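In: sequence-free structure coming up:
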């Protein structure tokens, strides 16, 4: 059985490896993405090697999308809820949504929220009602800093 501290540390490292993959999907090299997330390329390979491919010229490339499961935090009307999300496309959609929510809360600009009207992630409707978002933020019920949930133990 793994202790909570060790599990939390492993979860944080896995999340940094996933962040490195996201950086690679946005065009960064394998090494610079790992460096930017403060982990070694070897550690990225350990946690996400099945998504990496060696290409001609020695560069490492990443699959454009994946179907890997991720524990992520999704805002609901009751507060932030941990949800299992499958694949980089849904994870990216959640990231864009959270960015739009953050922009609204900082500036009052509702336009970025418009593209998420009527959409959901893993069965959870994305909140675009500005009154609801403002209320959740005032209650401290929105988690905007990190969209990855801590890894649960088994």
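Out: In hand now; what should we look at? Everything numeric here is computed off the predicted structure, so don't read it as measured data.

In: Need phi/psi at the residue lying farthest from the centre of the chain.
Out: Each residue of the chain has a distance to the centre, and by CA atoms, centre = their mean the biggest one is for residue 57: 30.3 Å. Backbone geometry at residue 57, expressed as degrees, to the nearest 10, gives phi 90, psi 0.

In: Residue 145 versus that one, what's the distance?
Out: Separation of residue 57 from residue 145 (CB to CB, to the nearest Å): 37 Å. Backbone N, C-alpha and C define where each C-beta goes, glycine included.

In: buried stuff in the helix ranked longest in the chain?
Out: Ranked by number of residues, the top helix in the chain under DSSP state H is helix 4-25. By 16 or more other CB atoms under 10 Å, the buried positions in helix 4-25 come out as 7, 11, 13-25.

In: Taking the residues you listed together, which two end up most distant?
Out: Greatest spatial distance among the buried residues of helix 4-25 (CB to CB): 7 and 25, at 27.0 Å.

In: Out of the buried residues of helix 4-25, which one has the weakest pLDDT?
Out: pLDDT across the buried residues of helix 4-25 is lowest for residue 7, at 79.

In: gap between it and residue 148?
Out: In terms of CB to CB, residue 7 sits 14 Å off from residue 148.

In: Residue 65 too?
Out: The value you get for residue 65 to residue 148, if CB to CB is used, is 18 Å.

In: which one of the two has more residues nearby?
Out: residue 148 (21 against 14; other CB atoms under 10 Å).

In: Quick check: the gap between the residue lying closest to that one once chain neighbours are set aside and residue 119.
Out: Counting by CB to CB, 6 or more residues apart in numbering, residue 15 is the residue found nearest to residue 148 once chain neighbours are left out, at 4.4 Å. From residue 15 over to residue 119 the distance is 24 Å, taken as CB to CB.

In: Also residue 129?
Out: From residue 129 to residue 119 the distance is 13 Å (CB to CB).

In: can you give me the strands in the chain?
Out: Assigned by DSSP state E, the strands in the chain fall at 52-54, 60-62, 69-76, 79-86, 120-121, 124-125.

In: can you tell me which of the ones you listed comes nearest to residue 93?
Out: strand 120-121 (6.4 Å).

In: Which strands border the closest one, and is each parallel or antiparallel?
Out: In the sheet, strand 120-121 lines up against strand 124-125 (antiparallel) (DSSP bridges).
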